Each structure stands twice: as C-alpha cells, then as structure tokens.
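Trainee: Mind folding the following:
(chains A and B)
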Amino acid sequence: MASDPDARPTLAHRSVSNIRAGGQSSARDSTSGAPNTPLARPLSSSVLGSPSSARAEEEIIIIELGCRKLRVGFAGDSTPKRIVAFDSEHDKRAGDYRAWEPGYEHDWRKRTAGKAWGSDHELCQLDVRGQDLGLVGDKLERVLRDTFTRYLLVDSKPRRISLVLPPAAPLPLLSSTLSTLFRNFQIPTISLLSSPAMATFAAGVRSGLVVDIGWNETIVTAVYEFREVQTWRTIRAGKMLLEETRNFLVNAIQGRTAESQVEGESTPKDIISFEECEQVATRMLWCKKSEKTPKQSNTEGLPTLHEADESDTADPAEDSTPTPIHLSSCKPSKTIQVPFSQLAEPCETTFFETRYAPACFDDHELPLHLLIYRGLLQLPLDVRAMCMSRIIFTGGCSNVIGLRGRIFDEVSLLAQEKSWDPIQGKGADAYRNNPKIKRNASRQANDGPIPIIQQTDPSGTSGEEAVPLDPAHAPPEVDEVEEHIRQEKNYRAPVQGVLRAIDSLGPWCGASMATQLKVPALAVIERDIWFQQGVNGASRPNEVDVQAQQKQQRQSMGAGGLIRGQGNQATSWTLGVWGTV
Amino acid sequence: MASFTPYTYIQCPCYDLSNQTRHSDGSPSPTSQDLPDDDDEDHAFDPRSPRFNYSLYPLEYLLYCVDCHQIRCPRCVSEELVTIYCPSCLFEVGSSSVKTEGNRCTRSCFQCPICVGPLAVQSLESAPEASLLSVDNAAASGPTGPWALTCSYCNWSSAEVGVKFDKPQGIFAQLSKLRNGSSTGTDVSLTSGDVSPTKRDANIPKPESTRARFSALRTFNQSQLANSNTGSSMAGGIGDYGFSSPAALTRIMSIYSGSTSKPKNKASVMREADVPNEGFRTSNLDESESILKLRAGGYKGTVTMEQAASQVEEGAHFADELWPVASLLRTKRAKRCPACRHILSKPEAKVSNTRWRIRLVAGNHIPSVTIKPLPTPGVPLLSALAPLKPMQYLLTFKNPMFDSIKVTLATPATTPGRFSSKVTILCPQFTVGANSDDYDLNEVLKAEDRDQRDRRREDDGSHQVEAGKVFERGRNWVSIVVEVIPASLQIQPAPSLLQKAGEPEPDLAPLREDEDILEIPMFVRLEWESEPSQDQVGVAPSSKEKDAKEKRELAYWSVLGIGRISQE
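Mentor: Below is the predicted model of the structure:
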C-alpha cells in the first residue's frame, strides 16, 4: 500500500487521462467486446478549451456503500441527494400494494418469521458465505434506479461513478456490486475510494484515526498522509446496540429488571419489531459520562457552563424520572415508563462494558475505548503522534448523544493511567516501582497532563540504557530538510501528541470533494475491461509497477506534446486495497 | 384473513441474461464454492426465491418493443428526460437549473417536516387583524410583518423552529440564507463551482452549516493543490492544464513572462486545514446540553426516523431541528429500447398534460391471463384452498393481437419450495383467435349469443372437463382448466425411518411470509405469424414473397398466484 500513488492528490496528470478515457469509452460502448485499436485521440476541447467546458459535462455520481445505508449524490455537492436505508419494503415485488392494507403493520411477526433479526434491513452481511450475491446486486440495482429516477433526476446517459467503500469490503461483494453497476447502468468507469481516507479528507487533515462506528462492526483505521496504516475492528457496533436495546425494551415490557435476566441470554425476537427497536435506539439512547473524568487539557478553553434550570440540575445519570415510550409493535401496544438514566444502559453494555477486566474480551469484541487505545499503542511513534490528535468519529452510531465524548474520555483516561507503554501488568509495575533498579533517567511521560510523545519510551528497552550518556537525552541532530520546511512561509507546525477529536463531514462529502478536485482514485475500473476480464483480471496491487506506469505516461507526454498514450491501463488494472485477498 | 385476489406476474426475459452473466463472470464467490449443488437448482424457476421479487412484474408494468419483439421491463429500458417539473406548483424547471440549484423546487413549495402536508406562507402578525379590517383597507395595507410557513394539516409552523421570513416571496432563497449563513458570497462561489483564488481571501464568516464548511474546506484544498502544482515541475503544470484554474493561470503567466522566471523548484508542503475558516473543526464532545434536552423533551421531542429521512440534510435529532422540506422535483421520462433505440413510451412534454404520445404497453402484445376458480357443483367456494383437495381453476387467455397465436404452456408437476402442490394443466397447447377491430359490434354480439346458446345446449348434458381440450373458447379468448392439489402446510419432520442418510436436513422453520400462497410457475411460449414489420421491408424490398408472413415467437416465465392454502 505504501507504493500507492493515489493517496497523493498531486498527480493531476493521471486524473486527466482517466477523465478522457471515461469520455472515450462512452463513445466506444457500441463497439465493445472486440479488441480494438485505441482510437486516435484528437486534441479535444477539454484540453485546449476553457476549463469550464470540462466541468460542465462531467457529472460524477458518488455512492457510499454501507450495509444499512446508501448515500448517493453528485460530486461537488455538500450533502448526498439521497440517503437510502434498506428496509423490507424494498424487496417487494412490483405492484405489491399490501403495505397499504389496514393492519399491515401488525402483521410484522408473520413477515419476519424464519429470517434473521433485521436481515430485511441490510443490503448484505459481511460474512458472504452462503449469501446470494445476486440478491445483493438486485437490491442495489432497485434502490439505485429508484434514486437516480426520483432524486438525482438523471437519465440513462453514461456517467462515471465513484464508489466509497470500507477498505475491508469482501471481494465477492465488490464484484457483485461492480457487475451490477456496469451491467444495469451505462457506466464507463467506476473509481473506488476508501472511506477512512475520505473521512480524513473531509476533516481537512491528512492523517487521523478514523473510528467508524457502523452497523456490523466498528472499524478503527489509522490513516497517515492518506494511507491506511492499520485497522482494528470490533463487533461492538450498531447491530449489537440494537440487540441490547431489544433486550432492554423486552425486559421493560415484561416488567423485569435487567438484573434478573440471565447473562448472555437473548430475549425472544418476536416481542418487539426491529423497526420500533431502531426507532427507540436512534431517538432515545444516550451515553453516560465516564465515572472518572480525565484531567482537563486546556486546549478546549474554559469548560462550558450549564445554565440549566434549577429543576434540571440533577445529574442525568442519576435521574430516575420515568420517560414514557410508546411501543405499538408489541402485543398489546403499551407505553412503557423507563427511568431516564436507564436509557443509557444499552450503550454502556454495547460499547464499554467496564464491568469486566480487559483480559476478558476476545479479539473481535474489544470495547471501543480499549480498541482505540490499543490501536494507538501499536502504531509507530510518529504516526501515533499524528493520529492521536486527529481522532475522527464517523458512522451511524456515533450520533448517539454523548457517545463520542465518552469514548474520547475513556481513551484519555487509559492514556493517563497507562501512558503509552506497551508493557503492562503486575510484573511491569513492580519493575517500574522497584527503587533498586530505578534509573536516574527522568521519566517525563507520566508527568504531563496528557502523555506527550517526546522520545522513545525507555522502559521497554532497558539494559544498555544504564550507560551514562543516555541517547534519549542527547539533543536531536538538526535536520536540514526539516529546517527548510519550517522556513516555508505557509508552514504551520502540525498539532501532534495531544489527544484531540476533530469533526469530519463524513466519507461521502470527502469523496464528493475529492472527485470534484480530480484527486485520482485508488483504483479505476473500466467497463469494457471488467466485462472482458471480470474480477479475476485485476492484478494484485503490488504487481502493478506504478512507477513504470507513471514513467510511461510522462514520457509519452513529453514526446507527443499533449497527446498522451493510453498508458498501460488496459493491461494491468487493480482493485486497489480491495483486490488483496 | 384478507381476501385474496389471484394474480399473474411475468418475468421479463432480460432476467435470464443477467443471471448468466453473473455466473459466467467466474467470480470466486464463496456461494458457488460452498453450495455447488445450488447452481443446478437455480435454473428451476422458483417464484419464492427472493431474487425473483426483483424481476417479476405485473403485465401493466411491462412495455413491448415492436422492433425487437421483446418484453421490456423497467430494468431494461433506457430513459430520457422529457420534462422536469415541480409536482406542487407544476412549474417546469430546466435541466441546467437542476444542475445548479438541486433537485428541489426553488419557489415556495414546501412540505411539512412532521406530516407530509404542503406548507403555506402565512403572516404571523396580521392574521387576527384581517377579519377586523374592512375590505378596501385590507387590500390597501395587506397582511404585514414576519411570515412563516404553516401546515394546515398538523398546524406545524416554521416559527416553532425560529424560521420567519421578511417577505412572502422567494421563500426558498430566504430559507437557504437562514440555513447556510447570511453571506451570499459563499453561496455564489458554491453554486458556480469555480472558486477564483481572490474570493478565498474574502471575509468568509466562520462556517457553521455543512454546506459552508464544505465549501470552505474545498476552497482550502483547492488552494493547496494549486500551490503544490505550481511548485512542481513543468510536466505537472501541463498535467493539470485546463482543470484547475489557478494553476493554469500561473502557467500561462509563466509562458508570457518568458522562461527566465522559472517557477520555483521547491515543492511547497501541502498542509492541513487548522482554522475554522478552512473548514476545520474540532468535535464538540460535550453533549450534556443535548442530554438535558433529551430528558426534557422525552420521546415526543425527538424526530422519528421517517421524519429525519425526509429532511434534506441529515442529522436532525430533536423536533426543533426540523426544517421545512422543499418539495422534490419530478420528471417525465421517455423510454427507449436499449437494443434498437426504438421509443417505447413518450409522454406529452407539457406538465399539465398527462397523456402519452407513444406508449407500447406489453398488454397489447402478449395475452393476458385471468384466473378464477371453476365452480364445482356441490362444493362451496372457500376463500382459502383446502389442503390435499383437488381444485380446478379456469385460466382465460385473451389475445390482444390481430394475429392468432399458438400458446404452449409448461409447468413443473409440483410447485417448487417446501410445500409442493401438484399442478396439472389439462390443455397445455391451444390456439387463441385473433383480435380484430374491423368487426361489427352487433354481429359479434349476435355471434357470442349464438355461441353461448350452443354451449348451453352442449353443457346441458355434462359440463365436461376433459384433458387435452379447451374448456371454453371465444373470438379472441380461450379458457383452459388447471387442476391443483394444494399441499398441506404442516411442518413436521419426516419419520426417521423414511429419512435417507444422504439427504439434507429438512427445513423445519416456521411458515415464512407468503409461503402459504399457492403460486404456479408457468412457462408460456407464444407463436404467431405476422406481417413483416415495416423496417425490414425497407431493408430488403421486393424480396421473395411480399405477402409471406413472418413467424415469430416469444417465451417467458410467469407466475400465477392462485390462492392461499388454509392452515389447519
């Protein structure tokens, strides 16, 4: 991935060839199939003409693909034109109007019988084993056609599509998606963009730790200079939250307390419908503050004063005033009275589960704060310094009130308690506190309010460091290159080493902006080649000699003036990170 | 139980094609590896397979290309925009303004964010005054003061969320100004899509709305890209020639100023945005205000998911964050056959006219099928099918074409799925007479009368349902009998003695949705002879026999929904 040229938005010449190829292949659509010599490329107006002409005809559609939701819109817009949430209404036959019959809503038990909880509401599962991928394609096709017709108001002219995908989208799913798009819509090229990189782009930064709290899983991705360095994932995400909410609501309906429920036992699925559960989860859930607040870092300025009424002064976490919630999908419909403080419980159990020791969790179910902390800990030092001050929360569940703040606080707490020391445990503590082997080295890492990365943590590599001339204390050599960079007039030192959360406009907006600014995509797939070769035609990303490709383009540019060869796009193309199996 | 109306669905033949390509693309999909035997079953037509929900259409949804002689479903037509208009004010919108101003009506058409009712502009102040004023006075002064959008159905008013307007016209512009900050300068640069570098330095207020932030961030990135590109070598400058105007400008400047003043070789570092003006924002992690609001407002104070989904921008959580929704524009579309570009349907371009100029519906070209139970004497008609009891149904094929067609039907002997009912078509092959429009109505009526009398005479003896014989026949219709023996819907494991070792576990899941409906997959093949179409005559004039008829055929799968099987 390190050799990816695409992460750098400066390679504008590649984007030009892509665009022109896009325009060309639409003209070639009729003669697709047979191998044809590349048409002679006239100096089109887009090269020598005014820049605006190229813009006017380009109307690129951005699609962000998620398991539950689909965002569709045009490049350059600040918001998607439509956000589709998949639901059971989408898989009806055409002309099935039974949804309008009276009493239809009360029949949900019959409709969902024999299906997995909430499976109607998903485009696909991440586990593609045994899944009908054709069905995924069909669902996607119907939703997209509807969106194009009703919201984008476009006709069936060929237009390019940028697809924003999570970097670990399974290859079969990607293949099915691409086939569907190419076959059903007249699309000359599809570019693939990675959603964490786009989320960082939409935050205005070049590195960051993207915490995507999605439906199936929470994905924490470290992005450094638009390259994904590492990802970690946990199943503590929307699906789990909804299941917790269901348990919570069913207990409330049946008048049980949460304590009386047997641990790990899940409640029956036919008491309350998925839709209503989701309603309650999106509307009413909130997240408590952490019990111990971390020492305030003064970057935030003064803490905001709550000018609350006298009646509101009670801490919401201890507030037990009942909140009525009307549920109509249970039998009989009922208004439950839930103490307000308890509405934070599902969040607590889903994302944090502070009751248990960190050692209890399997690798796939780490609580969020632990995952983020451990992720940061695994990162190389300078990457960590950049990422920790650029924590970006995205994904549907990050909208739960208070959740982002809570995660952030928990991570800061962990960092305060443990500093950034990968060695933990009683032995390490004993060693550290042992006065006999205490070195004279001053350990500053624990002193600051927030651990600041200044030097390599010496505790891990002891031994040789007893020499009086500790290299950690030697003044760093003057780096001439850095000095030059510092002298640039626009240079501002990047914020690093401080925990900080920043706000992103979201992957879709990032992709919209990147596409409008002609930032080359990670991978561009052309229609003809896809139909000829399919997913197996894609080379592994590391097999493609990017440098040679660039060189060739550059050479032909120099020799033929503005006329560029086709490059060797036809011979080797990749699916970017998605092609790595 | 709701009453059941028998139905017919037709599968557009375009489905088969897509199925093949999916298989032949040879993707190493785990499905094909894990379930190799599933592939063979795929070819058997199971109307209950979830994929078929996407390719089955009622006859009314289908179009027909008269050149290709193919059914065209909504999935296999290519569309062209004819008119874009607002469904609320019927104002026609040009496609260029849709590009710049978005897909919503920019006049004063708004929908209520709570219900979906239309909103009306009402004066906040003078509503009580209006009744007191005399007529001429009212005309002279008129209602004044701030205006608000109100819903006449649920009484929601935009004043509730603090949205008031100075004048009753141009609500859309006023609203977007309220929403996206007061500065119109950012809006202009946003819609034009081309931000000149000078504008960047203009005093942009701290961007609050998504839109303002987006444009600030974009301007920032653009300037960074431009800077780094000018700093790079000449090739880089050419590379983005014509695409980002600041770079092009500097390049042109460098050409004119001669090669003596080379651009600086030093590549400037692309930096990150770090002030709010550049679209950068640190998260507001302290959401205790929202928590208090949630506590105060309760369940009713939050928006439902449907309301949030209907909003133009996402992110509304509380009821006071709802904005009026500008009504979505709608389009009239012409449809073409993707293969031969023949127009399949074309609406009248005028908004107020609902007629079609051209509309080639499939109902004019393929026979329609109606299903009704054949009353057997002595047995009362039930709303649901009794399991394991033979029932006879009458299928009536009506030919809309002016040529007589030969119909061949095929069904599997048992319906696919967990509960397989037995199906027998008593007469799978028959000819349906042509539909003609050059008849005299009186004659037809007389003939039909005669027919019926004849039939009654015949029927007097025995109302025979005979295999291989058409049950009833008219001028352009034919009825045949299909016999079904509905399966029993009981879910129980087969006795262990009968279970074979190699067989997969029987599916003992509870009854799924619509699994109790008896659906018969039926393959219909039509053959007819028609006049050669005009185009082909033009291509090959005076070829062999002019009056020779051309043989045509069309085949498709269809699904007959017969009825619900009752559950004991």
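
Trainee: Which stretches in chain A count as strands?
Mentor: A:61-65, A:69-74, A:82-85, A:161-165, A:189-194, A:208-213, A:218-224, A:227-234, A:322-327, A:334-339, A:391-394, A:501-502, A:523-526 (DSSP state E).

Trainee: Which elements pack onto the longest one?
Mentor: Applying 3 or more Cβ pairs under 8 Å, 6 or more residues apart in numbering or on different chains; DSSP states H and E, one finds that strand A:227-234 contacts helix A:195-203, strand A:218-224, helix A:368-378. All C-beta atoms are positioned from the backbone trio N, CA, C, and that covers glycine.

Trainee: Would you quantify the distance from residue A:500 to residue A:386?
Mentor: With the distance defined as Cβ to Cβ, to the nearest Å, residue A:500 ends up 11 Å from residue A:386.

Trainee: ok, the two, which is more surrounded?
Mentor: residue A:386 (26 against 19; other Cβ atoms under 10 Å in any protein chain shown).

Trainee: okay, the nearest residue in space to that one that is not next to it in sequence: pLDDT?
Mentor: With sequence-adjacent residues excluded and distances taken as Cβ to Cβ, 6 or more residues apart in numbering or on different chains, residue A:386 is closest to residue A:207, at 4.2 Å. Residue A:207 is assigned 91 on the pLDDT scale.

Trainee: Now do the phi/psi pair for residue A:207.
Mentor: Backbone geometry at residue A:207, expressed as degrees, to the nearest 10, gives phi -140, psi 160.

Trainee: what number of residues lie near it?
Mentor: So residue A:207, with other Cβ under 10 Å, has 22 neighbours.

Trainee: surely residue B:370 meets residue B:478?
Mentor: No: counting by Cβ atoms under 8 Å, residue B:478 is not a contact partner of residue B:370; they are 11.5 Å apart.

Trainee: contacting residues for the closest residue to chain B within the stretch 51-200 of chain A?
Mentor: With Cβ to the nearest Cβ, the shortest gap between the stretch 51-200 of chain A and chain B falls at residue A:78, namely 3.5 Å. The contact partners of residue A:78, by Cβ atoms under 8 Å, 6 or more residues apart in numbering or on different chains, come to A:505, A:509, A:512, B:190, B:210, B:211, B:213, B:214, B:215.

Trainee: Where neighbours are concerned, which of the residues you listed has the most?
Mentor: Greatest neighbour count in the contacts of residue A:78, by other Cβ under 10 Å, goes to residue A:512: 31 neighbours.

Trainee: Looks like it contacts residue A:81 (just checking).
Mentor: No: between residue A:512 and residue A:81 there is no contact under Cβ under 8 Å: 10.6 Å.

Trainee: So what's the residue count around residue B:277?
Mentor: Residue B:277: 16 neighbours (other Cβ under 10 Å).

Trainee: Compute the distance between residue A:193 and residue A:577, please.
Mentor: Taking Cβ to Cβ, one finds residue A:193 at 11 Å from residue A:577.

Trainee: Of these two, which one has the most company?
Mentor: For residue A:193 and residue A:577, the more surrounded residue by other Cβ under 10 Å is residue A:193, and the numbers stand at 26 against 20.

Trainee: Show me what the more buried one bridges to in the sheet.
Mentor: residue A:164 (DSSP bridges).

Trainee: thought it was touching residue A:522?
Mentor: Yes: look at residue A:193 against residue A:522 with Cβ under 8 Å: they come within range, at 6.2 Å.

Trainee: picking that back up, can you tell me which of the contacts of residue A:78 is nearest residue A:331?
Mentor: residue B:210 (41.6 Å; Cβ to Cβ).

Trainee: Contacts only, for the one residue sitting closest to the centre of chain A.
Mentor: The centroid of chain A falls nearest to residue A:212 when counting by Cα atoms, centre = their mean (4.1 Å). Residues near residue A:212 by Cβ under 8 Å, 6+ apart: A:166, A:195, A:196, A:199, A:218, A:219, A:220, A:221, A:394, A:395.

Trainee: Repeat the analysis, applying 10 Å as the threshold.
Mentor: A:66, A:166, A:195-196, A:199, A:218-221, A:231, A:233, A:237, A:392-398, A:507 (Cβ atoms under 10 Å, 6 or more residues apart in numbering or on different chains).

Trainee: Equivalent analysis for residue A:196, please.
Mentor: A:166-167, A:208-212, A:219-223, A:226, A:228, A:231, A:392, A:394, A:504, A:507, A:510.

Trainee: returning to what we had before: ChimeraX command for the buried members of the contacts of residue A:212?
Mentor: Those of those that count as buried under 16 or more other Cβ atoms under 10 Å in any protein chain shown are selected in ChimeraX with:
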select /A:66,166,195,196,199,218,219,220,221,231,233,237,392,393,394,395,396,397,398,507
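
Trainee: how near is residue A:143 to residue B:54?
Mentor: Taken as Cβ to Cβ, the span from residue A:143 to residue B:54 is 11 Å.

Trainee: Now the common contact residues for those two.
Mentor: What both residue A:143 and residue B:54 touch, as defined by Cβ under 10 Å, 6+ apart, is the set residue A:90.

Trainee: who's more crowded, the two?
Mentor: residue B:54 (22 against 18).

Trainee: so what's the backbone phi/psi at that one?
Mentor: According to degrees, to the nearest 10, residue B:54 has phi -100, psi -10.

Trainee: Equivalent analysis for the one 10 residues further on, please.
Mentor: Note on residue B:64: its backbone torsions stand at phi -140, psi 130 [degrees, to the nearest 10].

Trainee: hey, what's it bridged with?
Mentor: residue B:71.

Trainee: That one is in contact with residue B:344, isn't it?
Mentor: Yes: Residue B:64 lies in contact with residue B:344 (Cβ atoms under 10 Å); the separation is 7.5 Å.

Trainee: Touching, residue B:292 and residue A:317? I think so.
Mentor: No: between residue B:292 and residue A:317 there is no contact under Cβ under 10 Å: 11.9 Å.

Trainee: Who has more neighbours out of those two?
Mentor: residue B:292 (17 against 14).

Trainee: Look at the more buried one and give its secondary structure.
Mentor: helix (DSSP: H, G, I helix; E, B strand; the rest coil).

Trainee: what's the spacing between it and residue B:286?
Mentor: For residue B:292 relative to residue B:286 (Cβ to Cβ), the value is 12 Å.

Trainee: all helices for the stretch 451-568 of chain B, in order.
Mentor: Using DSSP state H, counting those that start in this stretch, the helices of the stretch 451-568 of chain B run over residues B:534-539.
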